[in-house]
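Asks: generate coordinates for the sequence data below:
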Amino acid sequence: MSTEQSENLPDKNFEESIEEIYQQYRHRQLASRLEDIAETMEETILQRILAEEFLQTDLEIDDDAKQAVAEARDLLEEDDFEALGDRIDALRSKVEDQKRRVSNEIHEIRIGMQSRVNGMRRLNERVERVSEVRLEAVHELLSDWDWKGQVYRDDQWSFERLKQRAADYGEDMREYFEECREEIFGPYVGTPLEPIVEGLLSDKQLFLDELTDKQIDLLRDSDLEDYVELSLS
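Replies: Numbering: from 1, shown residues only. Coordinates of the predicted model:
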C-alpha cells in the first residue's frame, strides 16, 4: 500500500463514521415520527369509541389509514427505513385527516348536547332533583373533552384494554346523562308541562300568549314557577 493510500484511510473511515451516525439519527427520527403517528391514530380510535357510547354517534375511521399505520410498523420492524421514509409524510397526512374529521364531528355533537345539559343544570338549581356530582361530571366532559385521564390510567394495558376502558367510560357517562334527564324531565312527561320543560332545556324563550290557561295554572302550582320567565309578546 502506497503512502498516499495510507494517508487517505483515516479520512475515508471518518466519512464512513459520519454517514453511519447520520443514518442512525435518521432511523431514530423515523421511528419517533412513526410512534407519534401511531399514537395519534390510537387516540382517534379511542375517541371514536368513547363518543359512540357517550354521544351515541356513528363515526367511522378509514380502514386504509389504520392499515397504512400497521404496514409502516412492519417496515420499522424489518429495518426497511428507506421504504418507511418514502411513506412517512403521506402517512402522517392521512392520519391527521382522520383525527381532524373525527374531532370536528365530535365537537359539533358536543355543542348541541352541552346546550341541553346547561339547561338541565339551570333547572336543577331550582328543582334540586339531580345529583350535582353526576350532572357536573357530564358537563365537564362535554366542556373540556378531557377523557385521557380516565382511559390512560397507567402504561400497563394493551390497546384492547384501552378500547374497553373508553367504551366503559362512555357508557358510564351516558348513564349519568340519562339518569339526570329522567330525574329532571320525568315528572313532566305526559303532562301539559312537557313541551314547556323541553323548551326550557333547549333555551327556548316562553311567551305568555303561547301557553294555554291550563299550562299557566300548572306552572303556578309546580316547582317551576320561580324558574320560568314569561315574556309578553
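Asks: any low-confidence regions in the chain?
Replies: 1-12, 14-22, 155, 202-206, 225-233 (pLDDT under 70).
Asks: ok, and the closest non-adjacent residue to the most centrally placed residue in it?
Replies: Nearest to the mean C-alpha position of the chain, counting by CA atoms, centre = their mean, stands residue 47 at 4.0 Å. Take residue 47 and drop its neighbours on the chain: the residue closest to it by CB to CB, 6 or more residues apart in numbering is residue 102, 6.0 Å away. Heads up, the C-betas are built off the backbone N, CA and C, glycines and all.
Asks: mind listing the helices for the chain?
Replies: Assigned by DSSP state H, the chain shows helices spanning 3-54, 63-77, 81-127, 132-144, 148-151, 159-185, 194-201, 213-221.
Asks: could you chop the protein up by domain?
Replies: 3-188, 191-233 (automatic domain parsing).
Asks: hmm, back to that, what's the burial count for the residue nearest to residue 47?
Replies: 20 (other CB atoms under 10 Å).
Asks: and it, how far from residue 180?
Replies: 26 Å (CB to CB, to the nearest Å).
Asks: please apply the same query to residue 79.
Replies: Counting by CB to CB, the gap from residue 79 to residue 180 is 54 Å.
Asks: so these two - more neighbours on which side?
Replies: Using other CB under 10 Å, the more surrounded residue of residue 79 and residue 180 is residue 180, with 23 against 9.
Asks: close enough to count as contact, the more buried one and residue 121?
Replies: No - Residue 180 is not in contact with residue 121 according to CB atoms under 8 Å; the separation is 9.1 Å.
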